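*Asks:* need coordinates for the below:
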Amino acid sequence: MREAHPRERATGVDFYVSDADGIGGRLRVAPEDFRVRERERMDPEPLDAHEGSYPFLLLRATLRRWDTNDFASALSNAIGASRERVSWAGTKDKHAVTTQLFTVRDADPEEIPDLDGADIEVLGRVGRDLTFGDLAGNEFAIRIRETAGDPDPITRDLRAFAAGDSAAAGDSNVAADDTAVEIAVPNYFGHQRFGSRRPITHEVGLAAIRGDWRGAVLAYCGNPYDTEPEDSQRAREVVEDQADADSPDWSAALEAMPGRLRYERSMLHRLDEGADWREALEAVPSNLQRLFVNAAQSYVFNRILSERLRRGLPFDRPVAGDVVAFVERDTAFPKPDMDRLQRATEGRVDTLARHCERGRAFVTAPLVGTETALADGEPGEIEREILRDLDVDPGDFELPGEFASTGTRRAILLPTDLTVSAEDGDPVFEFALPSGSYATAVLREYMKCDPERL
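*Replies:* Alright, predicted model coming up:
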């Protein structure tokens, strides 16, 4: 275990599990370097199925250099339909080759267009649209170019972590080879949730949860980072100066803010019109308001995992007081089911450890909300200490509108079968993860670089 990159520590990610040196390198030099394919969970009826009962077309699209939202807009424009008629299960990276499902309501197969950079297959008809997270997971094949170093020692460390045997990390007897091996990493939220250049979304969310609406707006509109363009930094300094003034001139702050920072400008417009701080924060779209709270929950989760690592508590099995989730029943690629939780009492901890060993259950940590029941024992002590340090209580999530959250739990361990091959001397990593988990949680262990490069 070694200390994480400083910019990762700002998001609660304090450690790498692997103590071996990173291999560095570059991602996404070409779209084909980063391939993602969904593990699907929707089976279609034939195309001649009754349109009244099955009004949605199910498409599988392989996209090259397409942002998911942009593709959905292009598809809906091409068939002359509202953008709201197109749905998908997960947003994918633009700088990649991605294969994923889409549903289109009230469309005929012959209406589906040919679009540059898109290979579209009409699979059949379904009775409902896809919703976000409506997939089992994603399969990745990722080539890293211009590396320097050997990935094998890192693989050995991650194999040892998967087995819960930290003493074996770095042991040459734990051999890696070119076939699939089981590794595991902490199920950290990636930097994408917080902002790569300027990781601040969790700061906005934490301020909102505390009822500090002024602090939330200033965390977003002020708060300059040296990783931003100079005009952005100057504009944020103007915002902070005006916020400290007895009679803030928000029109001056608005004039200084570059046009590309449209959400900051939306908040400043509201302030210039005389709105209060909360009304200004609500000027951004509802999904961004939810993201602020989700980022705060993710930050707390990351800190819990880092503290668990610091204390040497296992990730692959529970200790007394942990909350364990059993996996879904009767489905391909089952995921931990947060409706099937059990507390690891002293009398149950060994039984639950055996379920975890067999892949039937996972230890969890909270994504805190109003209905969160914290763990007991040492895991619960960690959760309470971190919430106390952040001056946050589960009841604080009883907030207006999009800021409210009941919370849930999430598995703390991310196991996967990994294959490392070579293409023109570059390592290619192939693995699969459940939906909601980040490929960068695996890649960061190998590259050990500034998260902006992930």
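*Asks:* any idea how far residue 20 is from the closest residue to residue 21 other than its chain neighbours?
*Replies:* Of all residues not flanking residue 21 in the chain, residue 149 sits nearest, at 5.8 Å (C-beta to C-beta, 6 or more residues apart in numbering). All C-beta atoms are positioned from the backbone trio N, CA, C, and that covers glycine. Residue 149 sits 8 Å away from residue 20, going by C-beta to C-beta, to the nearest Å.
*Asks:* these two - which one has more neighbours?
*Replies:* Shown here are residue 149 and residue 20; by other C-beta atoms under 10 Å, residue 20 has more neighbours (22 against 17).
*Asks:* ok, that one touching residue 153?
*Replies:* Yes: taking C-beta atoms under 8 Å as the definition, residue 20 is a contact partner of residue 153 at 3.8 Å.
*Asks:* check contacts around residue 392.
*Replies:* Going by C-beta atoms under 8 Å, 6 or more residues apart in numbering, residue 392 touches 206, 209, 210, 296, 300, 368.
*Asks:* using the three-state scheme, assign it.
*Replies:* Under the three-state scheme (DSSP: H, G, I helix; E, B strand; the rest coil), residue 392 adopts coil.
*Asks:* from residue 89, how far out is the nearest residue to residue 284 once chain neighbours are set aside?
*Replies:* Nearest non-adjacent residue to residue 284, counting by C-beta to C-beta, 6+ apart: residue 263, 4.8 Å away. Shown here: residue 263 relative to residue 89, a distance of 26 Å by C-beta to C-beta.
*Asks:* what about these two, which has more around it?
*Replies:* residue 89 (22 against 13).
*Asks:* the protein: helices as residue ranges?
*Replies:* Counting by DSSP state H, the chain has helices at residues 6-9, 68-78, 152-162, 201-209, 213-221, 230-244, 250-256, 262-272, 277-281, 286-311, 349-357, 377-389, 439-447.
*Asks:* out of the ones you listed, nearest to residue 193?
*Replies:* The closest of the helices of the chain to residue 193 is helix 286-311. By C-beta to C-beta, the value is 5.1 Å.
*Asks:* who are the packing partners of the closest one?
*Replies:* The helices and strands touching helix 286-311, judged by 3 or more C-beta pairs under 8 Å, 6 or more residues apart in numbering; DSSP states H and E, are strand 15-16, helix 201-209, strand 361-367, helix 377-389.
*Asks:* now those as JSON lines including mean pLDDT?
*Replies:* Formatted as JSON lines, the helices and strands packed on helix 286-311 follow (pLDDT from 0 to 100):
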{"stretch": "strand 15-16", "mean pLDDT": "97"}
{"stretch": "helix 201-209", "mean pLDDT": "95"}
{"stretch": "strand 361-367", "mean pLDDT": "97"}
{"stretch": "helix 377-389", "mean pLDDT": "97"}
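*Asks:* in CSV, list those along with mean neighbour count.
*Replies:* Shown next, in CSV, are the helices and strands packed on helix 286-311 (neighbours: other C-beta atoms under 10 Å):
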stretch, mean neighbour count
strand 15-16, 21
helix 201-209, 25
strand 361-367, 25
helix 377-389, 17
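*Asks:* could you dump these to TSV with distance to residue 353?
*Replies:* Shown next, in TSV, are the helices and strands packed on helix 286-311 (distance: least, C-beta to C-beta, whole Å):
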stretch	distance to residue 353
strand 15-16	23
helix 201-209	32
strand 361-367	9
helix 377-389	14
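*Asks:* OK, contacts around the residue lying closest to residue 109 once chain neighbours are set aside?
*Replies:* Using C-beta to C-beta, 6+ apart and skipping the chain neighbours, the partner closest in space to residue 109 is residue 122 (4.8 Å). Residues near residue 122 by C-beta under 8 Å, 6+ apart: 47, 57, 58, 59, 109, 112.
*Asks:* go again with 10 Å.
*Replies:* Residue 122 makes contacts with 44, 47, 57-60, 104, 107-112, as judged by C-beta atoms under 10 Å, 6 or more residues apart in numbering.
*Asks:* what do you get for residue 93?
*Replies:* When contacts are counted by C-beta under 10 Å, 6+ apart, residue 93 touches 27, 28, 31, 34, 36, 66, 67, 68, 192, 439.
*Asks:* out of the helices and strands packed on helix 286-311, nearest to residue 186?
*Replies:* Per C-beta to C-beta, nearest to residue 186 of the helices and strands packed on helix 286-311: strand 15-16, 8.1 Å.
*Asks:* show me what the closest one is packed up against.
*Replies:* Of the remaining helices and strands, those touching strand 15-16 by 3 or more C-beta pairs under 10 Å, 6 or more residues apart in numbering; DSSP states H and E are strand 2-3, helix 6-9, helix 152-162, strand 181-186, helix 286-311, helix 439-447.
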